[in-house]
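A.B. asks: just coords:
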Ligand code: IPM
Ligand code: MG
């Protein structure tokens, strides 16, 4: 079988890290004997520049018929039209492909716990996954409008939308430490009241999973004071966006965190959690590990290449321990040098 990959390098540091990921992918395919095709498409700001829109029909069609999508990052200060933003392409792609489940793991390895903004003794051993609902909530709720005097966003959730993300999270918790934290703002928001009751209903089907409910503000605090207590966290779109950025710096640098998004069927999308970092773009400074760890997730989850995925992850964690990294992880190497270290080990 030949896996069909669509690469969307995007903006800022996206093209540099994607270039590295495709190089490593080629080497992994030789070493672990699998075949693939990869085609790159404009997406985000670069697509606005070249085609007038962040997600063209042809890019969407390529994504739709791919086996998996690798995404670098989108956005940058040069795209200022609020009606035509690079980020809109990403939101459209998520919605059109129905990528409702976003999986964002946070793993603090021994090699990086000293770099964490949280005290080492607190953060050591932290290993949890945020399951973020990705295609509903205030990001997509209608009506949505703004003018110079007033702005309107709508926060809606249906029972079905909550139930399907809950099942993803419960299944994941079952395969891990059987502990699920559901995060909402039930003391204020109507959507959170429905959220909590649906979570409790679904919990009936998973008697082996221990469930706790946390308000989002309390969760933000517990993540800092006691990150070790979490196993799987499930939450709605906007809370998940915010909490996953908070979580993503725990391993020492934002540049280390991968993510995967999926629907019930169809291609999955893999991207690092970090953004396009326009301030360091084209300077050979970007940390390529978040992109490479996203590639590892892709190999494991979309293509069942467990061996290649673990080898890549192990290589990265070894390099982190040896400080053969970019500056954000305490090393003194350029992006291209770090990619070469990875390549040498494959
Ligand atoms: C993310 C990003 C996106 C989001 C932006 C780029 C629209 O912050 O993937 O977390 O808010 O979902
Ligand atoms: Mg975000």
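C.D. replies: That came through fine. Treat the numbers as computed from the prediction; the structure is a model and nothing was measured. Numbering: from 1, shown residues only. Ligands and ions are numbered 1, 2, ... in the order given.
A.B. asks: domain assignment for the chain?
C.D. replies: 1-105+257-346, 127-249 (automatic domain parsing).
A.B. asks: hmm, the shortest one in reach of ligand 1?
C.D. replies: Same thing as domain 127-249. Yes - judged by C-beta under 6 Å from any ligand atom, domain 127-249 comes into contact with ligand 1 at residue 241. In this view, the C-beta of every residue, glycine as well, is placed from N, C-alpha and C.
A.B. asks: Show me which residues of the stretch 1-150 of the chain sit near ligand 1.
C.D. replies: So the stretch 1-150 of the chain meets ligand 1 at 75, 87, 90, 91 (C-beta under 6 Å from any ligand atom).
A.B. asks: So the third one belongs to a helix, correct?
C.D. replies: Yes - with DSSP: H, G, I helix; E, B strand; the rest coil as the criterion, residue 90 is located in a helix.
A.B. asks: thinking again about what came up before, quick one: which of the residues of the stretch 1-150 of the chain next to ligand 1 has the most company?
C.D. replies: residue 90 (24 neighbours; other C-beta atoms under 10 Å).
A.B. asks: May I ask you to confirm that that one is in contact with residue 45?
C.D. replies: No - using C-beta atoms under 8 Å, residue 90 is not in contact with residue 45; the gap is 10.9 Å.
A.B. asks: Enumerate every residue touching the residue in the stretch 201-346 of the chain that ligand 1 sits nearest to.
C.D. replies: For the stretch 201-346 of the chain, the residue closest to ligand 1 is residue 241, as judged by C-beta to the nearest ligand atom, at 4.5 Å. By C-beta atoms under 8 Å, 6 or more residues apart in numbering, the residues touching residue 241 are residue 132.
A.B. asks: likewise residue 343?
C.D. replies: Each residue near residue 343 by C-beta under 8 Å, 6+ apart is listed here: 23, 24, 27.
A.B. asks: Repeat the analysis, applying 10 Å as the threshold.
C.D. replies: 20, 23, 24, 26, 27, 28, 315 (C-beta atoms under 10 Å, 6 or more residues apart in numbering).
A.B. asks: Let's have those residues in a markdown table, adding neighbour count, pLDDT and distance to residue 295.
C.D. replies: As requested, the contacts of residue 343 are arranged in a markdown table below (neighbours: other C-beta atoms under 10 Å; pLDDT from 0 to 100; distance: C-beta to C-beta, whole Å):
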| residue | neighbour count | pLDDT | distance to residue 295 |
| --- | --- | --- | --- |
| 20 | 23 | 97 | 9 |
| 23 | 17 | 98 | 11 |
| 24 | 24 | 98 | 7 |
| 26 | 14 | 98 | 11 |
| 27 | 16 | 97 | 11 |
| 28 | 24 | 98 | 8 |
| 315 | 20 | 97 | 12 |
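A.B. asks: Now residue 47, what are its backbone angles?
C.D. replies: Main-chain torsions, residue 47, degrees, to the nearest 10: phi -70, psi -30.
A.B. asks: Does it touch residue 11 like I think?
C.D. replies: Yes - in this structure residue 47 lies within contact range of residue 11 using C-beta atoms under 10 Å: 9.2 Å.
A.B. asks: if I look at residue 178, how far off is residue 64?
C.D. replies: Distance from residue 178 to residue 64, counting by C-beta to C-beta, to the nearest Å: 36 Å.
A.B. asks: Hmm, I typed the wrong one, I wanted residue 260.
C.D. replies: Distance, residue 260 to residue 64, by C-beta to C-beta: 17 Å.
A.B. asks: in this protein, which residue is closest to the centre?
C.D. replies: The centroid of the chain falls nearest to residue 259 when counting by C-alpha atoms, centre = their mean (2.7 Å).
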